[in-house]
Structures are given as C-alpha cells and as structure tokens.
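Colleague: Requesting a structural model of the entry that follows:
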Amino acid sequence: MKRILLLLSVFTGFLSFSAAEEEKKDSVFIPPYPLTEHSAYQDGEHLVYGLNYGFVTGGKATLTVKDSLLNGTPVHHVVGRGVTIGLADVLYRIRDRYESFICVKSNEPVKAIRSIREGRYRYYNEVEYLRDSAQVISQKSGVHKVQDGILDILSAFYFARNHKFNDKLKDGDVIAFMTYFSDENFPLRIRYRGTEVIKTNFGKIECYKFSPVTEVGRSFKTEDDMQVWVTRDKNRIPVRVRFDLSVGSFTCNLIEFKGLKHPFSSVRR
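Modeller: Alright, predicted model coming up:
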C-alpha cells in the first residue's frame, strides 16, 4: 500500500518505479526535448483518482493545476496528493504531497517540493532548478550539476502530456526522460503499447496505452507489470493505472474531473 500510494501522489507516481538499476548506473544521456505548440492543460484543472484492490477502495489521489508567479516567473503550480482512506488509513496513514512549479514558457520546472508522511516516516525537500548553469540546489544536499532539460518527477508527466503523448507514436516506441529525484539523476522510460478503448464510469474511452518500464525484482515480476491508459484527445489525461503485483492487482481509476482545457472528446457512448 505504501508504494502504491507513493506512485499515485505524483500521478502516476508510477514514474518512481520506471527506471531499471542498470540504467541508473549507466547515467543515460537524454538530450533536450523539442517543444511543440500543443497545450494539454490549464489553470483550474482538477483530477481525482481512487485506488482499488478488488472492490475495496484504500486510497485517493488528486492532481491540480493553478497558475501563479514564482520570483516573477509565470508558472503552472502543479500539485499531486496521495492519501489513504478507510481501513487503510487506520492501518497505515499516508499523506504524500508533490509540487512542481513549471515555467509556462519552457515547460521546465523552476522548483519542486516533495513532502512525505507515511506512518511515522517523514521526508521533506525543496529543489531549485538553475537553468542558466545546468544545476539544481537541493535543500538537503546542496548544489548538483545536472544535464540540460532535466525535469522533476511530476513535471515530466505534464511535459509528456504536452509533447510526447500523440498519434506520432508507434507501438513499441519508448519515451525517455531524465529527472532529478531523491537527490540523484533518475532516468525514466515509458513504452507505448498502441491504442485501446476501455470501459469507465464516464463511458467507453479511447486511450493511448503505456507500460512504464518497471524495475524487476522489487514489486514487479516483469517490465510490463504496470499499464497506464491516457485519453486520446487533446487533454491527454490518465484515466486508469493498473499495477500487477505478486500480492494481486491494484487499479487506480479517474473518478472525478473538472477544469479541462479541451472537451472530453475521447468518450464513446
């Protein structure tokens, strides 16, 4: 439960399992990202997800966007929260929060915050991104040199919505990012699995399907034990995430949304 909700709080916190150990050691270089004109989200977007194990709902996650200024720079302030509810909250209380301040012009993070409260465990850190010098300043560990175009783990998802989730992908293509996470460079890989129409509470939805390349040997048996379905419309929002673990399958479903920038046009009645 702890690992699952950690994932949810960053959207798919699925990203925190998506790098294989050998890739971390190889320090994979991923070049700066070409920008496009598409904008998938806006101020006021609010997404709510429920985490289910069978018929039991044990967690809830939200993703919100609010436009603001940070040191004079226009930013999208994106917040991901993950909490336990019901019996799960009694057994192991979780209150996780991730924040990313994303430059409106470049779509790259200016600052990131990670606040973790899981049982008795506490973790808090703030990281500033210095683009001119290709450095980050971690509140916990100081200054670190990073590659150009590096993202934090939450802004990577929003960057992908704008620039990577589209019809140009071919089945089997891998989307790769380099992020700064937990005070280290952290490569992410997401494999595209084509399109699929799935049944949801909102009707049948046409989606892009992805399999984040998970780390075999922790909680997953294969690299494809996670699947993510993202709407095949201009919003490109995740509507379902499924985790196939040794203890069973967990599903995270979109249960509420508002403030979308574009019509929810992927719904098929």
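
Colleague: tell me the contacts of residue 143?
Modeller: Residue 143 makes contact with 135, 136, 137, according to CB atoms under 8 Å, 6 or more residues apart in numbering. C-beta here means a position set from N, CA and C on the backbone, and glycine is covered the same way.

Colleague: Tell me who's in contact with residue 236.
Modeller: Contact analysis of residue 236 by CB under 8 Å, 6+ apart lists 40, 161, 165, 208, 230.

Colleague: Show me these that map onto helices.
Modeller: Taking DSSP state H as the definition of helices, the contacts of residue 236 contribute residue 161.

Colleague: Now the two most distant members of the contacts of residue 236.
Modeller: Spatial extent of the contacts of residue 236 (CB to CB) is set by the pair 40 and 208 at 12.2 Å.

Colleague: Quick check: neighbours shared by those two?
Modeller: Common contacts of residue 40 and residue 208, defined by CB under 8 Å, 6+ apart, comprise 165, 236.

Colleague: Which of the contacts of residue 236 sits closest to residue 201?
Modeller: Nearest to residue 201 among those is residue 230, at 16.8 Å by CB to CB.

Colleague: how many neighbours does the closest residue to that closest one other than its chain neighbours have?
Modeller: Once flanking residues are discounted, residue 230 sits nearest to residue 208: 4.7 Å by CB to CB, 6 or more residues apart in numbering. Residue 208 has 22 neighbours, counted by other CB atoms under 10 Å.

Colleague: per-residue confidence for residue 208?
Modeller: Each residue has a pLDDT score; the one for residue 208 is 97.

Colleague: Any idea what it is bridged to?
Modeller: residue 195, residue 230 (DSSP bridges).

Colleague: Verify the stated contact: it with residue 169.
Modeller: Yes. Using CB atoms under 8 Å, residue 208 is in contact with residue 169, at 7.2 Å.

Colleague: Give the intersection of the neighbour lists for those two.
Modeller: residue 192.

Colleague: what about the helices in the stretch 101-250 of the chain?
Modeller: Using DSSP state H, counting those that start in this stretch, the helices of the stretch 101-250 of the chain run over 153-163.

Colleague: Residue 258: which of the contacts of residue 236 is nearest?
Modeller: Nearest to residue 258 among the contacts of residue 236 is residue 40, at 15.4 Å by CB to CB.

Colleague: How about that closest one: what's its closest non-neighbour residue?
Modeller: Excluding its sequence neighbours, the residue lying closest to residue 40 (CB to CB, 6+ apart) is residue 161, at 4.1 Å.
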